[in-house]
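*Asks:* No letters, just coordinates:
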Ligand code: ADP
Ligand code: MG
């Protein structure tokens, strides 16, 4: 396409059309000379003109005009494939033209002579020769032109064809581009797919590895399974045998359970019977019991005024020397005998004393209210008896009673009893109550009052009631109470000897399985010193304290004697003994109502008397 000699052929046509006029050739020639460059790139389209004339001139020197005509030789180079032969054919023609031109050019000067002016004929013949020459040139040029025209038509067709081809190829290129674009997407996909593939291959190889491991495992498990199957069959036969045994054992267990239930019933009945009998014993011993404990002198031994008969553990004799009124007779010694439920001499241990009280402590756990007072002069050993000291041997009634209660409650738990214990510790000083378990600020210490509820329960307002579940907790509370007591007293005022301290343990027991409850209070009281006012000759604050102490002690005496003198037979059925505080009384069948205990079986409502 790029080699088509379009421009060249036009020039040829131009020169051809003006071939008639030789003078017109010159401009054409000039044109060709002036613009040889655009033709140069067309390898096969060679314009010869500029160089040839000098060659021809060397062969035959011609006149200026002739040279101009002879130099107007045009050789047209063919396009590739089509024009090559015509170039070959044109070249000789051109060559011929030059050759023919050469003689033409040389003719006037062939002999180096010029026709004479008069030789018109010669000149005419020269002109005719020239004309012929030009005519043959024109003819050959025309032929050449025809060839070129044909070539041009062919070329045009070729151009059209090639343009079509170009368009087709362009559209194909765009198609290819689209395709390429589409393919680039496909390539991305392909890359992704191939990366996925490599991942999956890795996974696959992993899984294959795992699969192999699993296969090995499966093989070993199959072997194990076979072993287990054998074992299982052995075990199944054993199981069948054992099931038979189990049935027998179950039967045995059932009968044993029945026996156990029966025995539990019996045990419970026994426990209730024990309580009843224990209570009966306590009643028979006396609901109010008074023990006397004589402390040893500071250097040990017993005061000479006190006699303790070894044969009688219930009697104490106090000897008093009475001076003769006249002074003539000798002083007489008068003995005063006192009987108690039990008298403990100076050698009696804390354990011995507690053994007597422990029966009452047991009653407290069985649902009876128990109160134990230590009464006596200051220094007579009340606090020692009630609290003792920290050593096991010398521990007093309170820690021992607490220990016994918790141990007994533990045992009763096996029979279905569940106990809750609440402790409180109060001091009564100058008829004022003071909470010994108070832990708040001294300035915010609350005031207390004694209240009696509708069901005859006595409570103290604002008092600390501490739930306790073991012995150590109670011992901690006793220590706290002692600390509280010692902070209240000064060096000049041993307040503890002039105040009552009351330790109270509220006991509540429930046997849910038997639908039985019991509730009681164990009260352990360390009373204030019972000095006689006249002897102590107290004054001022001491006198006030003494008045309060003696007032409270004489009231206590009145209460105890009233209790001691109450009838011990049922008021509904005279002659039948009545037991106060029996747990069955505490099984309140109707709220606020207490029934006479079952021992008298009157089932009458009982009004508790003070
Ligand atoms: P109270 O509380 O009646 O004022 P205490 O219990 O404080 O008297 O006893 C006074 C002193 O006597 C204490 O030092 C105590 O250790 C001692 N004491 C009391 N009773 C006995 C006893 N049975 N054996 C040994 N020492 C005793
Ligand atoms: Mg004391």
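*Replies:* Nice, I can see it. No experiment lies behind these values; they were computed from the predicted model shown. Ligands and ions are numbered 1, 2, ... in the order given.

*Asks:* Any idea which residue of the stretch 401-550 of the chain lies closest to ligand 1?
*Replies:* Ligand 1 sits closest to residue 497 of the stretch 401-550 of the chain, with a gap of 5.0 Å, by CB to the nearest ligand atom. For every residue, glycine as well, the C-beta is placed using N, CA and C.

*Asks:* now the chain
*Replies:* Closest to ligand 1 within the chain is residue 381: 2.7 Å, counting by CB to the nearest ligand atom.

*Asks:* give the contact list for the closest residue to that residue other than its chain neighbours.
*Replies:* Excluding the flanking residues, the one nearest residue 381 by CB to CB, 6 or more residues apart in numbering is residue 295, at 3.8 Å. Residues in contact with residue 295 (CB atoms under 8 Å, 6 or more residues apart in numbering) are 346, 380, 381, 384.

*Asks:* Residue 305 against residue 333, yeah?
*Replies:* No - under the criterion of CB atoms under 8 Å, residue 305 makes no contact with residue 333, lying 9.7 Å away.

*Asks:* any residues in contact with both of these two?
*Replies:* Common contact partners of residue 305 and residue 333 (CB under 8 Å, 6+ apart): 319, 320.

*Asks:* Look at the two and report which has more neighbours.
*Replies:* Using other CB atoms under 10 Å, the more surrounded residue of residue 305 and residue 333 is residue 305, with 13 against 10.

*Asks:* And the nearest residue to residue 375 once chain neighbours are set aside, how far from ligand 2?
*Replies:* In this structure, residue 375 finds its nearest non-sequential neighbour in residue 527, 5.1 Å apart by CB to CB, 6+ apart. In this view, residue 527 and ligand 2 are 9 Å apart by CB to the ion, to the nearest Å.

*Asks:* that older thread, for the residue of the chain closest to ligand 1, give me the backbone phi and psi.
*Replies:* phi 110, psi 20 (degrees, to the nearest 10).

*Asks:* One more: residue 424?
*Replies:* Dihedral angles (degrees, to the nearest 10) for residue 424: phi -150, psi 160.

*Asks:* How many residues are close by it?
*Replies:* By the criterion of other CB under 10 Å, residue 424 has 22 neighbours.

*Asks:* How about the contacts made by it?
*Replies:* Residue 424 sits in contact with 435, 437, 460, 463, 464, 465, 466, 503, 504, 506, where contact means CB under 8 Å, 6+ apart.

*Asks:* would you turn the residues you listed into CSV with distance to ligand 1, pLDDT and neighbour count?
*Replies:* Output for these, formatted as CSV (distance: CB to the nearest ligand atom, whole Å; pLDDT from 0 to 100; neighbours: other CB atoms under 10 Å):
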residue, distance to ligand 1, pLDDT, neighbour count
435, 21, 95, 22
437, 20, 95, 17
460, 23, 92, 17
463, 23, 95, 21
464, 24, 95, 17
465, 26, 95, 13
466, 24, 95, 16
503, 14, 95, 25
504, 19, 95, 19
506, 25, 93, 18
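
*Asks:* Turn the residues you listed into a markdown table, columns for secondary structure.
*Replies:* Listed next are the contacts of residue 424 as a markdown table, based on DSSP: H, G, I helix; E, B strand; the rest coil:
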| residue | secondary structure |
| --- | --- |
| 435 | strand |
| 437 | coil |
| 460 | strand |
| 463 | coil |
| 464 | coil |
| 465 | coil |
| 466 | strand |
| 503 | strand |
| 504 | strand |
| 506 | strand |
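
*Asks:* which residues sit in contact with the residue of the chain most remote from its centre?
*Replies:* Here the chain reaches farthest from its C-alpha mean at residue 118, the gap being 139.3 Å by CA atoms, centre = their mean. With contact set as CB under 8 Å, 6+ apart, residue 118 has no partners.

*Asks:* ok but it is inside a helix, no?
*Replies:* No - if the criterion is three-state DSSP, then residue 118 is coil and not within a helix.

*Asks:* What residues does residue 507 make contact with?
*Replies:* Residues near residue 507 by CB under 8 Å, 6+ apart: 364, 365, 405, 419, 420, 421, 518, 519, 520, 521, 522.

*Asks:* Regarding it, which helix or strand does it belong to?
*Replies:* Using DSSP states H and E, residue 507 maps to strand 500-511.

*Asks:* do residue 367 as well
*Replies:* Under DSSP H and E, no helix or strand contains residue 367.

*Asks:* Would you mind naming what in the stretch 251-400 of the chain lies close to ligand 1?
*Replies:* 295, 296, 376, 378, 379, 380, 381, 382, 383, 384 (CB under 6 Å from any ligand atom).

*Asks:* Now do the contacts for the residue in the stretch 301-450 of the chain positioned nearest to ligand 2.
*Replies:* Nearest residue of the stretch 301-450 of the chain to ligand 2: residue 383, at 3.2 Å (CB to the ion). Residue 383 makes contact with 374, 396, 496, 526 under the criterion CB under 8 Å, 6+ apart.
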